[in-house]
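In: Sequence unavailable; structure follows:
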């Protein structure tokens, strides 16, 4: 991840091991808050510095303790993808499909965002690039029926993973929330005992608003993991520390660019270490 979080890495590189006499606490607090970490997270990270008891290794360990990571669901499984418009949801489906395909698994996706014809076309394009099947219908068709058909095809064709796209309206839209609840219920029923997870895509560039998205989607739908998108150079994804600390939702993956292969599994140890390079 060259260049990722370069400003934050620069901040931490200036911490002298076990010598905090000259540290400007206000400056470092401001830097970390600027990375969209919450004040409670910043206090946890820097709390002992003023007493001269924390070196860089201690800070790294504290950051790793805050972050929660989880593996992607193991086939056979279903993935319900949720998130607002513009968050990279459909692109992420393409990346996930490609990743699973590279591991030797077969994938099928449901074009469940039937409100926008462009969303269906976009999924067709990314599926062709990634090399997996899709199930689609005409625009305005009940999305639950499309996803029902996709899961049925997943079972009938012996696919390893089924990924469902959904409409990406605002997390505060009651109609969307109710529709997602219905979709999740239908998908769970048709999965017939196979594992089902709900992954939320969050745009790293929007900072604190992503926390509210995660909070509300988790309260109403239930979120098993988060995929952070648009991490190609942004310095604002410190919000994932706040999400992990306050919502206890694990991070499962990261989108690091626009290409179909620009996807990484989330490894909190490697992630933290990369901040200090």
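Out: All right, it came through fine. Note that this is a predicted model, so its numbers are computed, not measured.
In: rest of the way, CA atoms for contacts and neighbours
Out: Fine.
In: Quick check: residue 26 is in a helix.
Out: Yes: Residue 26 forms part of a helix when assessed by DSSP: H, G, I helix; E, B strand; the rest coil.
In: what sits against residue 96?
Out: With contact set as C-alpha atoms under 8 Å, 6 or more residues apart in numbering, residue 96 has these partners: residue 263.
In: Which neighbours in the sheet does the top strand by length along the chain have, and how are they oriented?
Out: When every strand of the chain is counted residue by residue (DSSP state E), the longest turns out to be strand 195-203. The strands beside strand 195-203 in its sheet (DSSP bridges) come out as strand 77-82 (parallel), strand 225-229 (parallel).
In: What are the contacting residues of it?
Out: Counting by C-alpha under 8 Å, 6+ apart, the neighbours of strand 195-203 from elsewhere in the structure are 73, 76-83, 87-89, 92, 187-188, 210, 214, 222-230.
In: Mark which of these are buried, thanks.
Out: A residue is treated as buried here by neighbour count (16 or more other C-alpha atoms under 10 Å); on that basis the buried members of these are 73, 76-83, 87-89, 92, 187-188, 210, 214, 222-230.
In: ok, back up a step: from the middle of its chain, how far away would the longest strand of the chain be?
Out: Its chain's C-alpha centre and that of strand 195-203 lie 7 Å apart, by C-alpha atoms, centre = their mean, to the nearest Å.
In: Beyond that strand, next helix or strand please.
Out: Proceeding N to C from strand 195-203, the next assigned helix or strand is helix 208-220, under DSSP states H and E.
In: model confidence over that next one, on average?
Out: With pLDDT averaged residue by residue, helix 208-220 scores 88.
In: Which other helices and strands does that helix contact?
Out: Counting contacts by 3 or more C-alpha pairs under 8 Å, 6 or more residues apart in numbering; DSSP states H and E, the secondary-structure elements packed against helix 208-220 are helix 174-191, strand 195-203, helix 239-247.
In: got the buried residues for the second one?
Out: Going back to what we said before, that points to strand 195-203. Counting neighbours by 16+ other C-alpha under 10 Å, the buried set in strand 195-203 is 196-203.
In: In terms of model confidence, name the weakest of the residues you listed.
Out: pLDDT is lowest at residue 203 among those; the value there is 85.
In: partner residues bridging that one?
Out: Legend: beta-bridge partners of residue 203 under DSSP bridges are residue 229.
In: Any figure for the gap between it and residue 228?
Out: Distance from residue 203 to residue 228, counting by C-alpha to C-alpha, to the nearest Å: 6 Å.
In: go on, residue 33?
Out: Counting by C-alpha to C-alpha, the gap from residue 33 to residue 228 is 19 Å.
In: Repeat that for residue 67.
Out: In this structure, residue 67 and residue 228 are separated by 13 Å, where distance is defined by C-alpha to C-alpha.
In: Can you work out which residues contact both of these two?
Out: Taking C-alpha under 8 Å, 6+ apart as the contact criterion, the residues that touch both residue 67 and residue 228 are residue 251.
In: Surely residue 163 is in a helix?
Out: No: when the secondary structure is assigned by three-state DSSP, residue 163 falls in strand instead of a helix.
In: Bridging across strands, which residues link to it?
Out: In this structure, residue 163 has the following beta-bridge partners (DSSP bridges): residue 79, residue 109.
In: isn't it right up against residue 82?
Out: No: when contacts are counted by C-alpha atoms under 8 Å, residue 163 is not listed as touching residue 82 (10.7 Å).
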